[in-house]
Structure formats: C-alpha cells, structure tokens
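J.: Below is the sequence, then the predicted model.
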Amino acid sequence: MKTNTDHVVFKDNAFRCLHCGAFEPVEFPVDAMVFVRASKRFLKPHRGCKQPVTVSERHLEILRHSLGLDYEGRGRQYRNHYCAGGEDVQSCEALVASGHMVRRHISPELTGGDPLFMVTELGKAEAVKGVKPLTRSKARYERWLSSNCDMSFGEWIKGGFCNE
Ligand SMILES: [Zn+2]
C-alpha cells in the first residue's frame with residue numbers, strides 16, 4: 001500500500017509536516033545527496049502522521065443545535081438528534097466520519113425522508129469544549145433578554161414578577 005506523503009513538504013528552507021507542524025530547517029548551500037538523505041530521514045517518522053481533526057464552525061453549530069444548546073454551546077442538553085436536509089447532510093456525514101455523530105436508520109416516514117443523525121459522546125465533548133459557563137449576573141441578564149418581559153432589567157432583577 002502506498003502511503004500518502006503529500007503532507008510532508010519543503011517550504012521556506014525547511015522540511016515541514018503539515019499534519020503535526022514539525023519542521024527541520026536546512027542550511028544552504030546544501031549538497032544534493034545530503035538534501036535527499038535529510039528529506040528521507042525527515043519523512044520517515046511523519047509518514048503516518050494523521051491530519052488533526054478540526055471541527056469547523058458550521059459543524060460545531062450542528063453538534064450544538066442537535067443537543068439543544070445555543071450556538072455558543074451553552075444551555076442544557078435536552079435532546080440529541082439532527083434531522084439533516086440540504087447541505088447539512090454533507091456536514092453530518094463529515095461528522096460521522098470524524099466520530100462526532102452517528103447516522104440513525106429509522107423509518108423515512110418519520111423524518112419525511114431526511115436522514116437522522118445523533119451526536120456521539122465525542123461529539124458532546126466537542127460541543128462544549130472550551131465553553132465557559134456564564135457568570136451568575138451574565139446568566140441573569142441573558143435570561144432577562146430571552147424573556148418576553150416589558151420590565152426594565154432593573155425592575156426585573158429586583159424581583160419584579162413577569163408572565164414570561
Ligand atoms: Zn508529522
């Protein structure tokens with residue numbers, strides 16, 4: 001089997017592995033044979049370097065939306081499904097490939113024919129990775145914002161009751 005080594009390049013006077021970021025500078029002038037040997041030596045350990053799995057913004061949105069979180073990854077996870085249509089199908093397939101989602105096979109009548117995806121544990125971890133919880137005051141402010149209350153924040157915070 002031929003290994004793909006397109007990710008190991010020579011650029012800006014150094015051998016570079018685009019997958020793990022390692023590099024080895026080359027001093028010029030350099031003898032051709034020395035150069036070839038150095039390139040082979042550099043290539044060897046990086047042959048099997050895997051491309052880091054990066055989850056794009058859109059993919060993150062899908063994971064968060066599937067779990068019922070807001071687009072910043074906050075809130076409570078109260079569901080786990082994504083009924084994908086259009087271009088999102090491709091995004092979900094990519095998330096399946098990276099292990100963040102699984103495709104559920106259910107009766108097409110239930111989803112109108114759209115494929116249904118679920119977030120894996122890996123995907124759940126990704127959805128909230130690096131998300132800082134809101135401070136209490138910020139959380140209260142957010143709650144006031146999302147309530148359909150005509151009270152000012154000042155009134156509301158003082159315990160004004162409001163039919164949200
Ligand atoms: Zn590497």
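T.: The structure has been received and is ready for your questions. Residues are numbered from 1 along each chain as shown.
J.: I'd like the distance from the nearest residue to G99 once chain neighbours are set aside to E24, if you could.
T.: Of all residues not flanking G99 in the chain, L122 sits nearest, at 5.1 Å (Cβ to Cβ, 6 or more residues apart in numbering). The C-beta positions use only the backbone N, C-alpha and C, and glycine is treated the same way. According to Cβ to Cβ, to the nearest Å, L122 and E24 sit 33 Å apart.
J.: Equivalent analysis for F117, please.
T.: F117 is 42 Å from E24, by Cβ to Cβ.
J.: okay, these two: which has more neighbours?
T.: F117 (27 against 13; other Cβ atoms under 10 Å).
J.: Wait, a strand at that one?
T.: Yes: assessed by DSSP: H, G, I helix; E, B strand; the rest coil, F117 belongs to a strand.
J.: Is it correct that it is in contact with H65?
T.: No: under the criterion of Cβ atoms under 8 Å, F117 makes no contact with H65, lying 10.9 Å away.
J.: which residues are in contact with both of those two?
T.: Residues touching both F117 and H65 by Cβ atoms under 8 Å, 6 or more residues apart in numbering: Y82.
J.: And the residue lying farthest from the centre of the chain, how far from H105?
T.: Distance from the C-alpha centroid of the chain, by Cα atoms, centre = their mean, peaks at D31 (44.0 Å). Look at D31 and H105: by Cβ to Cβ, they are 60 Å apart.
J.: was I right about V131 contacting E72?
T.: Yes: assessed by Cβ under 8 Å, V131 is found in contact with E72 at 6.7 Å.
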